[in-house]
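[1] just coords:
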């Protein structure tokens, strides 16, 4: 029996099949990373992004194409991780926006959806590059238009589109020489094809099931408690509660979330009125509306008033209230238990004053992504309010960044991604946040982030500060020292598994077998006549003795330069360093 149109239930099953397929194959996609570093995470990022959308559609009570497309667009947007995840969320958003008014999907709807998804993805990238996931999306969109109504069966139609996507993917090494040299196709394009192929299998009535390994690894990486990447030790995170923060600092007690199923569409002016009311009774507002639903998150002392406001516009669903004072105390208790198990002395809690006034909103705040205990301490010492644990080994999602922003009681908040693969998610978070002025500082590395914060001035206006902070790190040369996870060839250099690599902003500069020697050679290539300071942050696999020896060698070799070395505690990277 041929499939002429796709109804809501079939679409849901097919989408979940696509999500399962990429989850089952994510480690293969991770291994397509051009650089043989132990943090290739395209497959993981794309999987966590689409699984966020799956969680949203599984929570729906009413299954229709409208509810499904809205859930997919919203879930993937907030769950997007890394550049590949953000681009994938834009592909979903483009498709869903195009077909949101449909009751069933025809070939024409599918063709229009492919076209709009491609256009939306290209617009999301500042400088689109061919030989990437964008190329694969464009090839499928063009084929969808060319073959419209050539086949009676939508499955036959989609299988031809898949062939076009596979062909475009196979040509990505011809478009990007770095892919050809490494002997791989584009990992993002491969991830997209796994999703589309899984969707087609779902439409054929043979949906892909989630394997045990795929489920375990996705949940572990998503929860932030275990890394399945070779060479990375498990790390345990207690949560964002800190015992030195008094619950008196919590101005609004209840974290209130709900969705309004609209009785009728409302315009932007009416949405603004809702936001104005909610901000009058609380803060940390996120209010996203479309023709069918409004999704609301607000911190308030009067959740009932928030619900009553929602009821003016329609029915409520997925209502949730969390007592943040209670959660705070639970987290403090949990942290004590974890510290006791590890025999780590804990600080004395600060006595809580019941009558204390809530902390006033300050003008500026900072959120930074960090990847080690020592680096966390450094950022805290220079004034960062909230640390997001992540970086190369685990890119935080758009929602993770939004959650961190909500904890900072400031009018203007600077976000420091400190990794080029997190900047797009940070930008996406800044677009969603309604009640705070978010300024993303496009820092590519930890040293750049540190330089940016140190250049901040309380007396300057937000945009002037952003310009000054960005300018401050542009002259900071950064480098990293890590190990290779496979044999390959990059930039004309033969690299073997377990080789030590010195990586600068230009690529892999040094390959060797000794960490200390590779680090010295990397620095030698970065120092020039204008250099005045060498800064190193040593990782969890480097001993203090080895770090001190390296410092002595560098001070002797570069006697006219300052050499500063500090414990970073980061995994994977023996050293993160900068020359300025």
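    That came through, no problem. Because the structure is predicted, anything quoted here is derived from the model rather than measured. Residues are numbered from 1 along each chain as shown.
[2] now do stretch 558-567: everything it contacts.
    When contacts are defined by Cβ atoms under 8 Å, 6 or more residues apart in numbering, stretch 558-567 is touched by residues 373-374, 378, 527, 531-538, 544, 547-548, 550-551, 554-555. Every C-beta, even on glycine, is put in place using the N, C-alpha and C of the backbone.
[3] element containing the closest residue to residue 492 other than its chain neighbours?
    Of all residues not flanking residue 492 in the chain, residue 181 sits nearest, at 7.8 Å (Cβ to Cβ, 6 or more residues apart in numbering). Assigned by DSSP states H and E, residue 181 belongs to helix 177-182.
[4] contacting residues for residue 551?
    536, 563, 565.
[5] swap in 6 Å and give it another go.
    563, 565 (Cβ atoms under 6 Å, 6 or more residues apart in numbering).
[6] ranges for the strands of the stretch 251-400 of the chain?
    254-262, 282-289, 293-300, 314-323, 362-370, 386-389 (DSSP state E, counting those that start in this stretch).
[7] out of those, flag the one nearest residue 59.
    strand 314-323 (6.5 Å; Cβ to Cβ).
[8] quick one: contacts of the closest one?
    For strand 314-323, the surrounding residues in contact (Cβ under 6 Å, 6+ apart) are 254-263, 303, 310.
[9] secondary structure class for residue 480?
    strand (DSSP: H, G, I helix; E, B strand; the rest coil).
[10] surely it meets residue 577?
    No: applying Cβ atoms under 6 Å as the test, residue 480 and residue 577 come out as separate, 7.4 Å apart.
[11] quick one: which of those two has more around it?
    Just comparing residue 480 and residue 577: by other Cβ atoms under 10 Å the higher neighbour count belongs to residue 577, 29 against 23.
[12] what helices or strands is the one helix or strand the more buried one maps to leaning on?
    Secondary structure assignment for residue 577, by DSSP H and E: strand 575-579. With contacts defined as 3 or more Cβ pairs under 6 Å, 6 or more residues apart in numbering; DSSP states H and E, strand 575-579 has these neighbours: strand 477-483, strand 533-538.
[13] buried residues in it?
    575-579 (16 or more other Cβ atoms under 10 Å).
[14] closest to residue 441 among the residues you listed?
    residue 578 (15.8 Å).
[15] leaving out chain neighbours, which residue sits closest to the closest one?
    residue 447 (3.4 Å).
[16] and for residue 103?
    With Cβ to Cβ, 6+ apart, the residue lying closest to residue 103 is residue 65, at 6.2 Å.
[17] equivalent analysis for residue 75, please.
    Nearest one to residue 75, counting by Cβ to Cβ, 6+ apart, is residue 56 at 3.3 Å.
[18] can you pull the phi/psi pair for the one you found?
    Torsion angles at residue 56 (phi, psi; degrees, to the nearest 10) stand at phi -70, psi -40.
[19] tell me the pLDDT at it?
    Among the per-residue scores, residue 56 holds a pLDDT of 91.
[20] could you check how many residues crowd around it?
    The burial count for residue 56: 23, using other Cβ under 10 Å.
[21] all strands of the stretch 51-200 of the chain, in order?
    Under DSSP E, counting those that start in this stretch, the stretch 51-200 of the chain gives no strands.
[22] what residue lies at the spatial centre of this protein?
    For the chain, the residue nearest the mean C-alpha position is residue 81 (2.7 Å; Cα atoms, centre = their mean).
[23] beta partners for that residue?
    Beta-bridge pairing for residue 81 (DSSP bridges): residue 397.
[24] residue numbering should commence at 39 henceforth.
    Sure, I'll start counting at 39 from here, so that last one is residue 119.
[25] residues contacting it?
    Per Cβ under 6 Å, 6+ apart, neighbours of residue 119: 83, 86-87, 433, 435.
[26] between those residues, which sits nearest residue 211?
    Of those, the one sitting nearest to residue 211 (Cβ to Cβ) turns out to be residue 83, at 21.5 Å.
[27] which SS state does that closest one fall under?
    helix.
[28] how far away is the residue nearest to it when sequence neighbours are not counted from residue 216?
    Nearest residue to residue 83, sequence neighbours excluded (Cβ to Cβ, 6+ apart): residue 120, at 3.5 Å. Remark: distance between residue 120 and residue 216 (Cβ to Cβ, to the nearest Å) = 18 Å.
[29] do the same with residue 403
    From residue 403 to residue 216 the distance is 38 Å (Cβ to Cβ).
[30] between the two, which one's more packed in?
    With neighbours defined as other Cβ under 10 Å, residue 403 and residue 216 compare such that residue 403 has more, 21 against 14.
[31] torsion angles phi and psi at the spatially closest residue to the more buried one that is not a sequence neighbour?
    What sits nearest to residue 403 in space, not counting adjacent residues and going by Cβ to Cβ, 6+ apart, is residue 448, at 3.0 Å. Note on residue 448: backbone dihedrals following degrees, to the nearest 10 are phi -140, psi 150.
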